[in-house]
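# what's the 3D shape of this:
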Amino acid sequence: MRRSRAALVVGVLVVLVAFAYGVENRASTTVAGQRVDCGSAISASWLVSGTDSTRIAVPVTASESDVMAACDTVVQRARIGVLSTMTAGALLALVGWTAMREGRGPRRAGRPEVRSA
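The predicted model follows:
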């Protein structure tokens, strides 16, 4: 029972921490020698409809298409990491929840009794 409860709690915590990291951590890359902020793995437009999340400051020395291509790669990698971690946490929580619901049947010790007729 303790292991299943621990798996449930740890799984939920992993999901919450990965979500918080995905929302708060800002991905960045370097284009034409200048650092570019690409945004977070979980953009605000996913959470609140109507929010514009495509604001990326383009350095003077780089073209907008180069910056967008570099940022797309960085953000995609960040999303894969965050969403994979959230999925692993959800699966761990599911295993814990299932184990808690099943419970344990009575254990039999030794040999079963055989009655003679």
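# the lowest-mean-pLDDT helix or strand in the chain: what's the following helix or strand?
Least confident helix or strand of the chain, by mean pLDDT, DSSP states H and E, is helix 44-47 with a mean of 75. Downstream of helix 44-47, the first helix or strand assigned by DSSP states H and E is helix 64-102.
# now do the SS call for residue 28.
Recorded secondary structure, residue 28: strand (DSSP: H, G, I helix; E, B strand; the rest coil).
# what pairs with the helix or strand hosting residue 37, parallel or antiparallel?
Here residue 37 sits within strand 34-40, counting by DSSP H and E. Strand pairing for strand 34-40, determined by DSSP bridges: strand 26-31 (antiparallel).
# which positions within the strand it pairs with qualify as buried?
27, 29, 31 (16 or more other C-beta atoms under 10 Å). Where C-beta positions appear, they are placed from N, C-alpha and C, glycine not excepted.
# and if you look at stretch 79-95?
79, 82, 85, 86, 89, 92, 93.
# which residues touch the fourth one?
With contacts defined as C-beta atoms under 8 Å, 6 or more residues apart in numbering, residue 86 is in contact with 14, 15, 18, 19, 22.
# max pairwise distance over those residues: which two?
Taking C-beta to C-beta, the two most distant members of the contacts of residue 86 are 14 and 22; they sit 12.2 Å apart.
# next, the angle helix 64-102 makes with the strand holding residue 37.
Counting by axes from the mean of the first three to the mean of the last three C-alpha atoms, to 10 degrees, strand 34-40 lies at 40 degrees to helix 64-102.
# quick one: mean pLDDT for strand 34-40?
Per-region confidence: strand 34-40 scores 84 on mean pLDDT.
# would you list the buried residues of stretch 79-95 in a markdown table and tack on distance to residue 67 and pLDDT?
Formatted as a markdown table, the buried residues of stretch 79-95 follow (distance: C-beta to C-beta, whole Å; pLDDT from 0 to 100):
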| residue | distance to residue 67 | pLDDT |
| --- | --- | --- |
| 79 | 18 | 91 |
| 82 | 22 | 93 |
| 85 | 27 | 96 |
| 86 | 28 | 95 |
| 89 | 33 | 97 |
| 92 | 38 | 96 |
| 93 | 38 | 96 |
